[in-house]
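> Return a 3D structure for these sequence lines:
(chains A and B)
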Amino acid sequence: MPTTIAEVRAGKAALPARGRAGPGALAQWLGPDYRLGYLFVGPIVLLVLALVAYPFGYAVYLSLTRKYVGMPPVFVGLENYVRLTFDGFFRRAVANSVIFTGSSVGLKLLLGMGMALVLASRIRWRSFWTGVLLIPWVAPTVVSALNFLWIYDYSLGVLNYLLVQVLRILPRGVGWLSEPGTAMASVIAVNVWRGFPFFGISFLAGMKAIPGELYEAAAVDGASPAQRFRHVTLPGIRNIVIIVMLLSTIWTFNDFTIIYILTKGGPGGATQVLPVLTYEIAFGAQRLGEAIAVALYMLPALAVVIIVLARHMQRGRR
Amino acid sequence: MNRGAGARLQQAGSYAILLALLLIVVFPFYWMTITSFKSETQMRSLVSMFWPSPAVGDNYAHLLGRTEFASWYGNSIVVAVSSTFLATAVGTIGAYALARLRFRGRAFMASAVLITYLVPPSILFIPLYAQIRNLGLADSLAGLIVAYPSFTVPFVTWLLMGYFESIPEELEESAMIDGATRFGAFWRVVLPLAAPGLLAAALYAFTQSWNEFLYALVFITNVKLRTLPVGLSTFITGDVYGWGYLMAGAVLTTLPVIAAYIYLQRYMVKGLTAGSVKG
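Residues are numbered from 1 along each chain as shown, chains lettered A, B, ... in the order given. Purely as a prediction, here's the structure:
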């Protein structure tokens, strides 16, 4: 057969399959595989339009209206956004969201880096350790949140039992989730507990992909372990660190489950974050327009993060 | 100090850190499990904190006999399995087209899928609820089955695009030179090779659907139609007895995902890292 793979790829050879489709003008304009291509992406396009794009557009519209459940929306322009800007409770939720996200992502970065470095070092049963450490990431978030709700329980929880009765560090128990001073740290701890394994496993994958010769060359040049980390490991996993941190920033900023289960934003708004506030305004107060404005208020910032992240993720693929 | 001793010291440090992390990760699950076997009396009196004594099955009996837990379990299975099939089927063909086929708009659609994956549910749940209600699917499992692909399909597609790209194109080309159609090459050559990726993707779709909380909380009002995460969260009562059967329910809710995970850990870890990380 005279056809070669190079010819096929260059589109010079007429394949039997393509003969049927016909190399008409349509194929020239839409690309050689347009029939199967559109057939195969059709369902996704439909799904994305119906379940993401349309709802999203509708959300933007609703946020510009005064809309109560069961009533038609009344267009009010930016009124919802302007009102929120000067609403103390909303501003506190923004600040809380930033604190919650910043601290969680920072701690996950540190713990995940530690986890990856240890797993990349010379140890036995690496796949066992990796497997077990990833469990919080796989387990249902609701279950984990409920476990911690029980662990943090004031009178019967095991945390107070350990600190007061076993270790005798504290004279009496702490209401971890009911005291304004500890509630935020307590919910952050749960988010970190659940999320750091993803950081660790991703960093580990990146470290494994760094060629061993780089470390050998660095060792020959007399680099200390700290210098090797700084000049070989970190540059090697830079793109992954950026991707994981941005992904986690989006997920953490929008985490509803952990705070809803643990505190519902309490005590007195001390852990109120935007997703929980959105839910409460929508389904507690039944003010949909305002609720969506809460959800969309940070959209410009979110959009920037999403676009930067998408570019990094696509670059990582190539 | 000689090199050997230094290396051994470092290794000991590694194991110490690993053990500490292990303890932190495993303890909540250990605590959940032993709580589910404790009697109310034992819990109330703070005795033998770290082992059930006596171990009782009362919590499980109460959970299965006197709550809607069994119906919720069925609901979760129906929703997670259906949306997994849907997501894997739609995602597989879509990912193949986006990774391999040449047609106008491909690059734009590939970016759109990725961006869709990154749009968080917390800004979509209210309009999506309105959409589901317009379709007449509010307060039904079908509503969840329709809605869950909004987050499972973009992820499955993104993951499988990477997988398809890693399969050498020459394999399909030589099949097509031998007379196979484009579809035939996909069906008989590419799909079998991608089976491990498909499995990882399906498992992720299942886990995400099984664990989903926000949509299920908002879309479903009928108590009997709740899924497990929402059902469990309604057990929060604050009294002692509640914790026993709540933790029993937590154990039974966690089991399927952990079992699947242990069985297929290799694929899942690979799939997870492929989602964000390559090379």
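
> Torsion angles phi and psi at residue A:143?
For residue A:143, the backbone dihedrals (degrees, to the nearest 10) come out as phi -60, psi -50.

> ugh, wrong one, I meant residue A:287
Torsion angles, degrees, to the nearest 10, at residue A:287: phi -100, psi 90.

> and the helix ranked longest in chain A, what's its mean pLDDT?
Using DSSP state H, we find that the single longest helix of chain A is helix A:88-120. Across helix A:88-120, the average pLDDT comes to 95.

> for that helix, packing partners?
helix A:126-133, helix A:180-208, helix A:234-253, helix A:274-279, helix B:3-36 (3 or more Cβ pairs under 8 Å, 6 or more residues apart in numbering or on different chains; DSSP states H and E). Just so you know, the C-beta spots here come from the backbone N, C-alpha and C atoms, and that holds for glycine as well.

> again, only this time at 6 Å
Judged by 3 or more Cβ pairs under 6 Å, 6 or more residues apart in numbering or on different chains; DSSP states H and E, helix A:88-120 is in contact with helix A:180-208, helix A:234-253, helix A:274-279, helix B:3-36.

> list the buried ones in that helix?
For helix A:88-120, the neighbour count (16 or more other Cβ atoms under 10 Å in any protein chain shown) marks A:90, A:92-94, A:96-97, A:100-101, A:103-105, A:107-109, A:111-120 as buried.

> What sits closest to residue B:58 if chain neighbours are left out?
What sits nearest to residue B:58 in space, not counting adjacent residues and going by Cβ to Cβ, 6 or more residues apart in numbering or on different chains, is residue B:39, at 6.5 Å.

> Tell me, how many residues neighbour that neighbour?
17 (other Cβ atoms under 10 Å in any protein chain shown).

> just residue B:118 next, same as before
20.

> repeat for residue A:241
18.

> Can you pull the poorly scored residue ranges out of the stretch 201-318 of chain A?
Applying pLDDT under 70 to the stretch 201-318 of chain A flags the ranges A:318.

> how about 80 then?
Along the stretch 201-318 of chain A, the parts satisfying pLDDT under 80 run over A:316-318.

> So which residues on it come close to chain B?
By Cβ under 6 Å from any Cβ of the partner chain, the residues of the stretch 201-318 of chain A that approach chain B are A:202, A:205, A:209, A:240, A:243, A:250, A:254, A:256-257, A:261, A:275, A:282, A:292, A:295, A:306, A:310, A:316-317.

> let's see it at 8 Å
Residues of the stretch 201-318 of chain A lying close to chain B (Cβ under 8 Å from any Cβ of the partner chain) are A:201-202, A:205-206, A:209, A:240, A:243-244, A:247, A:250-251, A:253-254, A:256-257, A:260-261, A:274-275, A:278-279, A:282-283, A:288, A:291-292, A:295-296, A:299, A:302, A:306-307, A:309-310, A:313-314, A:316-317.

> so which of the helices and strands packed on helix A:88-120 is the most packed in?
helix A:274-279 (a mean of 24; mean count of other Cβ atoms under 10 Å in any protein chain shown).

> how many neighbours does residue A:227 have?
12.

> so which helix or strand takes in the residue nearest to it when sequence neighbours are not counted?
In space, and not counting its chain neighbours, residue A:227 is closest to residue A:218: 7.2 Å by Cβ to Cβ, 6+ apart. Applying DSSP states H and E as the criterion places residue A:218 in helix A:212-220.

> Show me how far that helix is from its chain's centre.
Centroid separation for helix A:212-220 versus its chain: 34 Å, with Cα atoms, centre = their mean, to the nearest Å.

> Also compute the angle for that helix relative to helix A:234-253, please.
Angle between the axes of helix A:212-220 and helix A:234-253 is 120 degrees (criterion: axes from the mean of the first three to the mean of the last three Cα atoms, to 10 degrees).

> Convert the C-alpha atoms of helix A:212-220 to CSV, please.
This file holds the C-alpha atoms of helix A:212-220, laid out as CSV (Å, rounded to 0.1, in the frame of the first residue of the first chain):
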residue,chain,number,x,y,z
GLY,A,212,17.3,12.5,38.8
GLU,A,213,20.3,13.9,37.0
LEU,A,214,19.4,17.4,38.1
TYR,A,215,19.8,16.4,41.8
GLU,A,216,23.0,14.5,41.0
ALA,A,217,24.4,17.5,39.3
ALA,A,218,23.4,19.7,42.2
ALA,A,219,25.0,17.3,44.6
VAL,A,220,28.2,17.2,42.6
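
> Great, nothing more from me.
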